[in-house]
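In: Structure of the sequence below:
(chains A and B)
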Amino acid sequence: MRVSNVIRTLQRQLHSPASRGTINASEIAHFSRLSSQWWDEQGEFAFLHRMNPVRVEFIKNKLLEVSREGGEEGMPSSTVLRDLDVLDVGCGGGLLSESLARLGANTLGIDASESNVKIATLHASADPKLRNLTYINAPAESLLDSPKRYDVVCSMEVLEHVDNPASFLSTCAELVKPGGHLFLSTISRTPLAYFLTIFLAEDILRKVSPGTHTYSKFITPTELISFFQKYRSSDSNAVDPRYLEHVTLPKAWISPNASPASPPRTEAEVRGLIYHPLRGQWLLAPRDAWAATDANYIFWVRKPSQ
Amino acid sequence: MTLPLALGTSSAHRLTAKRLLASTSCPRRFSTAQNEPHEECDVVIVGGGPAGLTLASALGSSRIASQNLRVTLVEGGDLSKVKQWSPPSGTYSNRVSSLTNASQTFLKAIGAWTHVDTHRTAPIEEMQVWDGVSDARITFSASEIGLERPQDGMARLTENFNLQRGLLRHLEHLPGVRLIERTKVKSIIRDAEDQGGWPLVHLDNGRVLRARLLVGADGFNSPVRSYAQIPSFGWTYETQGIVATMVHPPRGPFQGPNTTAYQRFLPTGPIAFLPLSPTVSSLVWSTRPRIASALTAFEPGVLASMINAAFRLPEISLRYLYNRIIEAHSTGTPLTHAELQQEILWREQSHAIDANSAYASAIVNVIGDAGVPAADSESVPPLVTSLQPGTVATFPLRFSHTESYIGEGQGSRTVLVGDAAHIVHPLAGQGLNMGLADVECLTRCIENALEQGGDVGSYTALLPYARERYFENHTLMAAIDKVHKLYTTTFEPIVWTRTVGVEVLNELDSVKTALMMTAGARDHKINESAVGWNLAAKGVESLAAGVNAARVVGGGIREMIGTGLQEVLKATSARPRSERD
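Out: Numbering: from 1, shown residues only, chains lettered A, B, ... in the order given. I've put the predicted structure just below:
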C-alpha cells in the first residue's frame, strides 16, 4: 500500500522538528478542545456538516468537467473520484475525508491536532465501508519529504487558521501531481464576511465558538488568484535567477495576464458558498453571482501538466 | 464463513434463514458491546406493509442506491401469503386505499406499478362530498382539475393486498434487497460508543443486524420509534371506523359508470362509498363507538340497510334509527333486516320521500331497472344489496404525529416513515399516500447523500427528509383533523353556521384543496400549478360567497365562528387522552 509507505516515512520524520511550519499553536489548541464535538451534527460543527455536501458537489463537478475536456465522455458523476489519490489537509474530524473515501478515493487525512486525528480515526473505524481511508497526525509540510504526490489536494476551512498562508499554499501546491487539482475553501476578508462569520455566528448566535475566526487572517479570492498567477512549481525555485531567461520555466498555474477577477475557466474557479437559513442548507452560488464570494467561498486551481 | 446461529425452532424458520444466509455474503463482525456475531447492513427496514415494501423497492431499483447499499427488510408476518394472494374473482379485500396520481407516478417510476393488477383497481373520476346537516354539496371531477389524462381519475382505488403483492413481485427482481419474513424484532440495542453507537437489531431467530440506517415502517406501535425515543402526540377520536366490501347492481344505461366516490359528513362522522368495480364498492364509515358496535351486531342486511339510509335520510331520522338499533343491541332484542326496512320506509314517508326517488331505499327495486332513472340518481351511490361475507371490520380512529421523523442522540441513525410517524383520520383517504410520499422523499435524500459521499444514516443526510415531509404532513393532517372536528361537533354556534351553509362551503373547500393538490401527478409540473391556481380562485370565490352570506345573516357571525372554533379546540384539547410515551 502506497499510503502506508507514506505513513512509515512520516513517522520517522515526525521526530525531527518541522522547519517550514505554518501551524499556529493556539489554533491547534482551540480545535483540540472542540474535537469531541466534530461528529455532533447539531452542535458546534453543524454548519460544516451541512456545508460538506456542497463542497463534495463542487469537487466532483470540477473533476467531471476536466475529464470531459480531456475527451472522457459518459463517466457517471458518482465514479469520478474512484481510485484517485486524495489528500485532505487539516482534515479535522474527517467530515470531508469520509465522504471522499466513500466515493472511492484513496484518501489520506492529515491534521496537526492529535485529538482531531484520534476522533476522526475512531469515527471512521465504526464504518465498515471506509477501508480506503487513513489519518495521520502531522503538519502538511512533513509530507513534502516523501515523493508521494496526489491527484487531488483539498484543504477546507483551513487557510484562515494558518500563520503563513503563502507558505501553506506552496506546501499544498507542491503536493499536487502535475495535472492534478487543488481545492481550498475559506472566508474572504470583507465587511460582510466579518459580519456573518464573526459578529453573527460567533458573537450573536453563538453557533460557532468565539475565537474560532480572526478577521485579519481571512483571504480574498483575488489574493488567492494573484498568488497562483505568480506561483510556479518548485523545481523553478532551484534555478539561479541569473539564468532564468535561458531555461523553460514551469508555467504559472493561472495565466499571469488574466484578470484576477475572472481567471480562465480551465485554470481556476471561485464559487461562493451561501447559507440558506430557511432550508438549513448551503448552496453553491452560480458562477459570477454578484457578491457571492464576499464571505464563504470555494476555490479550485489546476496544476499545469508540465 | 459459517457461524453457529440460534435459529428459530420451526424447520421453516431454519430453512428460510439458511437460504437467506447462503444467498448473501454479509460481512460479519463481533461487536464489543454484545460480543455476538452481527451482520453489517446499510439499511434495515422494520415492517413489510405498503410503506416498508415500497421503500425497499425504491432503494432496490435506484441505480446509485442499489450499487451502494445492502437493504434488509424484516417483517414478522408471512409475506409469502401476501405474495400468493389470489382472491376468487368478483371478491375484494376490505382494506382499500385511494392512491393519488402522485403516488401512482412514484410507483410507476420505481417499476412496481406494472406488478399491480390494475384490473382490480378503479379510477375515481368524480367525487361528491356533502354535509349531512345542511346538504351543502361540492362535486368535483378529474376533467375539471386539468389532469393530463382525466380518464385515469383523480385517484385509483386499490386493495392494499394488491399493492403489497405487486411490490413483493417487484422485489423478486431486485437482488440488492433481501427480505427476512416471519421474524420479529426482539430488541434494538445501541452499539458501544467506540463502535459508533449504531443500532443493533436483534431478531427473534438470534440474528443481529447492525444498521447504518434503521427505518421504522412498523406502524403505530413502532419499536423503532421506541428505540429512537421519539415522542408522539395525538388522541383517539371517539370514533370507530367500519369497513366492508359492498355489493350493488351496476349503474343503469342512462347513468355514468361506477367511478364516483361519495362522502357524506354526518355529525357522527363521515361515511364514504368508494367504487372498486361496476358492482362492488368499498365502505369506510366513521361513527361513534356505540353506533358502530350496534351496526355490526346484527345480520349483515341491517348494516347494508343502514348504509343506504346513511347516504339518503335526513339527519334527524338517522338519529332515530341509531337509537333504534342501539336499543335493540343493548337489550339483546333481535332486529331483522325486514324490521329495519319497515322503520326506514316509515321515516321516508314522514319526510315525503317519493318511492321512486334516488333518496328512497326502503323498497329496493333493482331488477330490470333499465328505465330512465330518477333525475337525482347520481347524487347518491347505488343501493347496496349485500355485503361480501367476512369483510365487515371495525377499528378505532386516531390522530397521532411524532415530534420528529429522525432519531437524535441515543436514537441516532433512525428514521420513521408512514404510520410509524403519523396516523390520520381516513376521511380524506390520505394515510397511505402520505406514507408513499415519505418514502419517495426519503429515497431522494438517500440518493443525494450517496451522490455526495454522505453517510445515509447521518442526521445531515436525513434532515432534508424531515424538513420536507414534516411540514407537508402536518399541514394536511391539521386540515383533516380540523374538518373532522368541525363536522362532529354539537357545539351550537358551529352547528348553526353549518346549517346556514357559511362555514360548510369553506371547509369543504379545504378538503377539496387537500384532495386535489395531491391528485396532480408529480411529473406534470405545469398542470399541478394550474390546479393550484384554479383552486385558489375557487377558494376566493367561496370565501366571497361566505362573506356575503355573513352580511345577510348579521355582522356578529364571523366572531361567532371564531369563538366557536376556539371552543372546539379547547374542548378537544382538554378531552383527548394524550398519548405521550
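In: Just the pLDDT for the residue in the stretch 401-550 of chain B positioned nearest to chain A.
Out: Among all residues of the stretch 401-550 of chain B, residue B:453 sits closest to chain A, at 3.3 Å; criterion: C-beta to the nearest C-beta. Heads up, the C-betas are built off the backbone N, CA and C, glycines and all. Residue B:453 is assigned 95 on the pLDDT scale.
In: which element is it on?
Out: Element membership for residue B:453 (DSSP states H and E) is empty, with no helix or strand holding it.
In: what's the neighbour count on it?
Out: Residue B:453 is flanked by 26 other residues according to other C-beta atoms under 10 Å in any protein chain shown.
In: How about residue B:299?
Out: Considering only other C-beta under 10 Å, residue B:299 is surrounded by 12 other residues.
In: Check the contact between it and residue B:338; I expect there is one.
Out: No - with contact defined as C-beta atoms under 8 Å, residue B:299 does not count as touching residue B:338 (10.1 Å).
In: The residue in the stretch 51-200 of chain B that chain A sits nearest to: what's it in contact with?
Out: Closest to chain A within the stretch 51-200 of chain B is residue B:196: 2.7 Å, counting by C-beta to the nearest C-beta. Each residue near residue B:196 by C-beta atoms under 8 Å, 6 or more residues apart in numbering or on different chains is listed here: A:123, A:125, A:126, A:127.
In: Name the nearest of the residues you listed relative to residue A:305.
Out: Closest approach between the contacts of residue B:196 and residue A:305, by C-beta to C-beta: residue A:127, at 35.4 Å.
In: give the contact list for the closest one.
Out: By C-beta under 8 Å, 6+ apart, the contact list for residue A:127 reads A:98, B:196, B:212, B:455.
In: If we use 10 Å, what do you get?
Out: Residue A:127 makes contacts with A:98, A:101, A:102, A:133, B:40, B:195, B:196, B:198, B:212, B:455, B:457, as judged by C-beta atoms under 10 Å, 6 or more residues apart in numbering or on different chains.
In: In helices, which of those appear?
Out: Secondary structure from DSSP state H places A:98, A:101, A:102 of the contacts of residue A:127 in helices.
In: The first one touches residue A:107, doesn't it?
Out: Put plainly, it is residue A:98. Yes - between residue A:98 and residue A:107 there is a contact at 8.1 Å, judged by C-beta atoms under 10 Å.
In: which bits of the stretch 101-250 of chain A sit near chain B?
Out: With the criterion set to C-beta under 10 Å from any C-beta of the partner chain, the stretch 101-250 of chain A comes near chain B through A:101-105, A:107, A:122-130.
In: Nearest residue to the middle of chain B?
Out: The centroid of chain B falls nearest to residue B:431 when counting by C-alpha atoms, centre = their mean (3.1 Å).
In: count of residues packed around residue A:191?
Out: When neighbours are defined as other C-beta under 10 Å, residue A:191 has 11 of them.
In: And residue A:177, by the same measure?
Out: 16.
In: I'd assumed residue A:304 was in contact with it.
Out: No - counting by C-beta under 10 Å, residue A:177 sits too far from residue A:304 to count as a contact (11.2 Å).
In: hmm, back to that, what do residue A:98 and residue A:107 both touch?
Out: Common neighbours of residue A:98 and residue A:107 (C-beta under 10 Å, 6+ apart) are A:88, A:91, A:124, A:130, A:133, B:453.
In: what sits against the fifth one?
Out: Under the criterion of C-beta under 10 Å, 6+ apart, the contact partners of residue A:133 comprise A:3, A:86, A:88, A:91, A:94, A:97-98, A:100-102, A:105-109, A:120-121, A:124-125, A:127.
In: For it, which non-adjacent residue is spatially closest?
Out: residue A:101 (3.8 Å; C-beta to C-beta, 6 or more residues apart in numbering or on different chains).
In: mind checking pLDDT for that neighbour?
Out: So residue A:101 comes in at 97 (pLDDT).
In: What of the one 5 residues further on?
Out: Residue A:106 carries a pLDDT value of 97.
In: Around the residue in the stretch 151-300 of chain A that chain B sits nearest to, how many other residues sit close by?
Out: Chain B sits closest to residue A:280 of the stretch 151-300 of chain A, with a gap of 6.6 Å, by C-beta to the nearest C-beta. Applying other C-beta under 10 Å, we find 14 residues neighbouring residue A:280.
In: Check the one 3 residues further on too.
Out: When neighbours are counted by other C-beta under 10 Å, residue A:283 registers 13.
In: Quick check, it in contact with residue A:272.
Out: Yes - counting by C-beta under 10 Å, a contact exists between residue A:283 and residue A:272, whose distance comes to 8.8 Å.
In: which of the residues of the stretch 101-250 of chain A next to chain B count as buried?
Out: Neighbour-count burial (16 or more other C-beta atoms under 10 Å in any protein chain shown) is assigned, among these, to A:101-105, A:107, A:122-124, A:126-127, A:129-130.
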